[in-house]
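>>> kindly generate the corresponding structure for this input.
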Amino acid sequence: MLLFALLACVPTTLKEVPEDSAEKSWPPPPSAYDCSAGAPPERWLSRDPACATDRSCPDTLVSAHRGAGGQLGVIAPEDTVQAVWAAIAYGLDFVETDPRPTADGHLVNLHDTSLDRTTNGSGEAEAMTLAEIQSFAVDSSLYPGDYSCTVVPTLEQILEAARGRVHVLVDANKTDRVDLLVEAIVSTDTLEWAIFDTSSVEKIDQALSIEPSLHTMIRVGNVEDLNSQLAHFADHPPVIVEVDNSSIELNSATLAAGHRPLTDVFVQDAQAAGSGNLEVYGEVLDEGVRIPQTDRPDLLLPYLWDR
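Predicted coordinates:
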C-alpha cells in the first residue's frame, strides 16, 4: 500500500525543465526503459560525463540507489538492467550496484543475501549457481511497464548496460572477491565508467594493486576518518567521498580538501513522497552535499531544476 501512495506523489509537470530537454516528456515513460525498449535509451539530460569523475566539477550530480530506486522506488525493479536503463532515461549521473557472489564464481547484482524479496524464487544467492538464480523472474508487480525479460543480472551485464551512458558505483561491501569485481570492470571496458566503492580501505588497496587506474570512492564517518583515508590514498585520490554521517562540519571538511561529499537522502525521499514538499531536499544540499543518492530521482530532479 505504501508504494501506491508514493506513486501518487510522482510529479507530472515542472516549473522549469532543463533547456536541452524541453522537447521531451517528463517523467520518461516506462516504454523508454522497460523490456519493450529493447535497447538502452538516450539520456534525458546532456551533461559532460567527465564531470562524474572530476573532483573539481562544481555541479550537483545525482546517484540512483540500486539502479533507479531502492525499496522506496517507483520506477523500475531495483538492481536490474532495466533500472539502469531507467537511470539513463532520467538523465542521472550514477547508478549504485550491489554485486554479490554465486556458488559457481559469478557476481550477481542483488541487494539482499537471498532472492526471496525481489524474485519469485527463494534461497541464499551464495548457495546457488548463476543459472539457477537467473531462472527466477524478478518481481515487477508494483511497477508500470513490461519487465517480462528482467532477471537478476550479473555485474558484467550492469556495466555493459551503463557503459558510455551512466557511471556505476560498484559497491564492494557484499563480497570479498575483489579480484572478480576488478575483472568485471576490466573485461567490460568500463574503467572510465565504474567507480570502486567500499568502506574497506583494505579492499581498495587490493583493487588498486590489481588495476592501479581504477576510480575509487571512500566512505567516512567523521573528520578524523576523512583525513586518515585521504592521507592513505594521497597518491591515488578518490573521485567521490561518501559521508556516512552527513553534517556541515564533515561536508565542509570534505569540500575544503578538494573532494565532493555524497550522502543518502532516503529519509528526505520518504518525506517528499509523503508530504509533496520537495524543499526537504534543500536542507541536505544546504549542508554542502554535492551528490545526493536517492531512491526517488523522479522527485529529487525536479527540485534541483527549480532550485
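>>> if we go by neighbour counts, what in the one helix or strand residue 281 maps to is buried?
In the assignment (DSSP states H and E), residue 281 maps to helix 280-286. By neighbour count on 16 or more other CB atoms under 10 Å, the buried set for helix 280-286 is 280, 281, 284, 285. Backbone N, C-alpha and C define where each C-beta goes, glycine included.
>>> as a markdown table, those with pLDDT and distance to residue 57 would be great.
What follows is the buried residues of helix 280-286, written out as a markdown table (pLDDT from 0 to 100; distance: CB to CB, whole Å):
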| residue | pLDDT | distance to residue 57 |
| --- | --- | --- |
| 280 | 97 | 25 |
| 281 | 97 | 20 |
| 284 | 95 | 19 |
| 285 | 96 | 16 |
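>>> hang on, isn't residue 104 packed against residue 126?
No - contact status for residue 104 versus residue 126: not in contact, 10.4 Å apart, counting by CB atoms under 8 Å.
>>> who's more crowded, these two?
Between residue 104 and residue 126, counted using other CB atoms under 10 Å, residue 126 has the larger neighbour count: 14 against 11.
>>> how much space separates residue 247 from residue 261?
Remark: distance between residue 247 and residue 261 (CB to CB, to the nearest Å) = 10 Å.
>>> between these two, who's got more neighbours?
More neighbours surround residue 261 than the other of residue 247 and residue 261, with 25 against 15 (other CB under 10 Å).
>>> now do the helices in the protein.
Assigned by DSSP state H, the chain shows helices spanning 2-7, 81-90, 130-134, 155-162, 178-187, 201-210, 223-232, 248-256, 266-275, 280-286, 297-306.
>>> residues in contact with residue 304?
60, 62, 281 (CB atoms under 8 Å, 6 or more residues apart in numbering).
>>> could you tell me the end-to-end distance of stretch 134-146?
End-to-end distance of stretch 134-146: 18 Å, with CA to CA, to the nearest Å as the criterion.
>>> residues making contact with that stretch?
3-4, 30-31, 33-36, 74-77, 80, 82, 108, 115, 117-121, 147, 150-152.
>>> average pLDDT for that stretch?
Mean per-residue pLDDT for stretch 134-146: 95.
>>> list the buried residues for it?
Result for stretch 134-146 [16+ other CB under 10 Å]: buried residues 134, 136, 138, 139, 140, 143, 145.
>>> ok, so of these, who is nearest residue 299?
residue 143 (16.2 Å; CB to CB).
>>> ok, residue 283 to residue 267 distance?
Residue 283 sits 10 Å away from residue 267, going by CB to CB.
>>> which residues are contacting the helix holding residue 281?
Helix 280-286 has contacts (CB under 8 Å, 6+ apart) with 60, 246, 263, 265, 268, 271-272, 292, 299-300, 303-304, 307.
>>> same deal with stretch 262-275?
Residues from elsewhere that reach stretch 262-275 (CB under 8 Å, 6+ apart): 5-6, 9, 63, 65, 70, 72, 217, 240-244, 246, 251, 277-278, 280-281, 283-284, 289-296, 299-300, 303.
>>> which of the residues you listed count as buried?
Buried among these by 16+ other CB under 10 Å: 6, 9, 63, 65, 70, 72, 217, 240-243, 246, 251, 278, 280-281, 284, 289-296, 299-300, 303.
>>> next step: those restricted to strands.
Those of the buried ones among the contacts of stretch 262-275 mapping onto strands are 63, 217, 240, 241, 242, 243, 291, 292, 293, 294, per DSSP state E.
>>> identify the farthest-apart pair in these.
241 and 294, at 17.6 Å, using CB to CB across those.
>>> one step back: format the CA atom coordinates belonging to the helix holding residue 281 as CSV.
Taking C-alpha atoms only, helix 280-286 is exported to CSV below (Å, rounded to 0.1, in the frame of the first residue of the first chain):
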residue,chain,number,x,y,z
VAL,A,280,13.2,18.8,2.3
TYR,A,281,16.0,18.1,-0.1
GLY,A,282,17.3,21.6,0.3
GLU,A,283,18.2,21.0,3.9
VAL,A,284,20.8,18.4,2.9
LEU,A,285,22.1,20.3,-0.1
ASP,A,286,22.5,23.4,2.0
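>>> where does the stretch 51-200 of the chain have low pLDDT?
By pLDDT under 70, the stretch 51-200 of the chain contains no weakly predicted segment.
>>> contacting residues for residue 41?
28, 32, 33, 85, 88, 89 are the contacts of residue 41 under CB under 8 Å, 6+ apart.
>>> try 10 Å
28, 31, 32, 33, 85, 86, 87, 88, 89, 90, 165 (CB atoms under 10 Å, 6 or more residues apart in numbering).
>>> how about residue 235?
Contacts of residue 235 (CB under 10 Å, 6+ apart): 208, 212.
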